[in-house]
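[1] quick one: sequence and predicted model below, then my questions.
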Amino acid sequence: MGVGDDGAILNPTGPLVLTTDTIAEGTHFSRPLMGLANIGRKAMAVNLSDLAAMGAQPRAALITLQLPFELTFDQVKLLFLGMKELASEYEVAIVGGDTNRWDGPLTVGATLIGSHYPSDEGRTGFWSLGGGRAGDGIWVSGCFGGSILSHHFQFQPQIHLAAHLVSHHGITAATDASDSLAHDLSQLAIASQTGFEIDSRLIPISEDAVKQSASTGRPALEHALYDGEDFQLICCVPAGEEQKIEQDRELPSPFTRIGRLTETTSFTIINGTGIREPLIIKGFQH
């Protein structure tokens with residue numbers, strides 16, 4: 001039972017994952033540049049990305065809006081439509097929330113609820129940051145870098161890939177690349193009490209990173225490592241599972257091995273000439 005009562009009523013059949021994220025004008029988006037429908041979509045998408053990183057199936061959402069006084073009802077409908085269309089794509093019920101008006105910037109918050117996917121192997125646990133082990137392969141979805149050109153509000157949460165991996169493969173730890181590939185991978189390694197070594201030649205770099213490199217003068221690899229808001233999955237895969245993934249022709253999106261977790265707690269990158277060097281860790285600061 002959803003919108004209309006003082007609270008929504010859910011009937012879960014097992015453990016749930018809850019995640020919440022808020023995006024605010026001036027920090028996460030520019031209203032004139034993005035448009036209201038894209039802002040609503042992003043508010044839903046960043047939370048869906050968190051559920052994907054937990055290996056959870058999206059179920060329901062609560063929405064909180066802090067609306068500037070100047071927004072008209074038709075404009076608010078555009079904002080909601082952006083959320084609703086993406087929610088419907090992943091069969092998420094918007095079951096309630098709260099709406100307020102004020103003289104501050106547009107702020108959009110969402111809380112999403114996820115449950116277990118069915119698994120062919122009988123696995124029932126959710127993924128976490130701290131489950132990685134030294135020797136696990138580091139795999140990533142999609143491409144990285146140049147998100148500011150449009151990807152940060154048009155990205156597709158990796159829900160379908162997460163569902164497939166949960167059902168068919170053993171993943172020991174996972175997160176999504178929101179602050180940056182380097183930063184979020186370092187957080188996973190720290191939580192798992194490991195280090196990592198990645199190969200710069202294996203990192204899938206987006207065309208937008210190359211375009212941005214031409215205008216900034218910074219290498220495309222630097223954009224891929226540090227730009228943030230790529231919202232791709234970063235997963236750890238045990239050595240015995242990696243061959244199965246390499247042979248899996250039903251993966252719904254690109255999934256690439258870029259390195260491994262290590263026993264030493266250092267963060268290392270292999271550069272374009274094959275030389276190992278320390279990786280500087282930085283990313284988007286909220």
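    Perfect, thanks for sending it.
[2] check the residue lying closest to Gly35 once chain neighbours are set aside and give its pLDDT.
    The shortest distance from Gly35 to any non-neighbouring residue, by Cβ to Cβ, 6 or more residues apart in numbering, is to Leu78 (7.8 Å). Yep, even glycine has a C-beta here, placed from its N, CA and C like the rest. Looking at Leu78, its pLDDT stands at 97.
[3] swap in Ile198?
    Per-residue pLDDT puts Ile198 at 98.
[4] do Glu222 as well
    What the model reports for Glu222 is a pLDDT of 96.
[5] which element is it on?
    For Glu222, the host element (DSSP states H and E) is helix 220-226.
[6] pairing partners for the helix or strand just after that helix, with directions?
    For helix 220-226, the following helix or strand on the C-terminal side (DSSP H and E) is strand 233-237. Strand pairing for strand 233-237, using DSSP bridges, gives strand 137-141 (antiparallel), strand 173-176 (antiparallel).
[7] could you dump those strands to JSON lines with mean neighbour count and distance to Ser128?
    Converted to JSON lines, these look like this (neighbours: other Cβ atoms under 10 Å; distance: least, Cβ to Cβ, whole Å):
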{"stretch": "strand 137-141", "mean neighbour count": "23", "distance to Ser128": "16"}
{"stretch": "strand 173-176", "mean neighbour count": "24", "distance to Ser128": "6"}
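[8] quick revisit: so what's the residue nearest to Gly35 up against?
    Listed by Cβ atoms under 8 Å, 6 or more residues apart in numbering, the contact set of Leu78 reads 35-37, 40.
[9] how far away is it from Thr72?
    10 Å (Cβ to Cβ, to the nearest Å).
[10] now the strands paired with strand 233-237 in CSV, with mean pLDDT and distance to Thr216?
    Output for those, formatted as CSV (pLDDT from 0 to 100; distance: least, Cβ to Cβ, whole Å):
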stretch, mean pLDDT, distance to Thr216
strand 137-141, 98, 23
strand 173-176, 98, 24
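[11] Glu207 is nearest to which of those?
    Closest to Glu207 of these is strand 137-141 (Cβ to Cβ; 16.3 Å).
[12] and whichever helix or strand comes after that closest one, which residues are buried?
    Later in the chain than strand 137-141, the nearest helix or strand by DSSP H and E is helix 151-154. Residues 151-153 are the ones in helix 151-154 that count as buried (16 or more other Cβ atoms under 10 Å).
[13] which of those lies closest to Pro58?
    Taking these together and measuring to Pro58 by Cβ to Cβ, the closest member is Phe153, at 19.0 Å.
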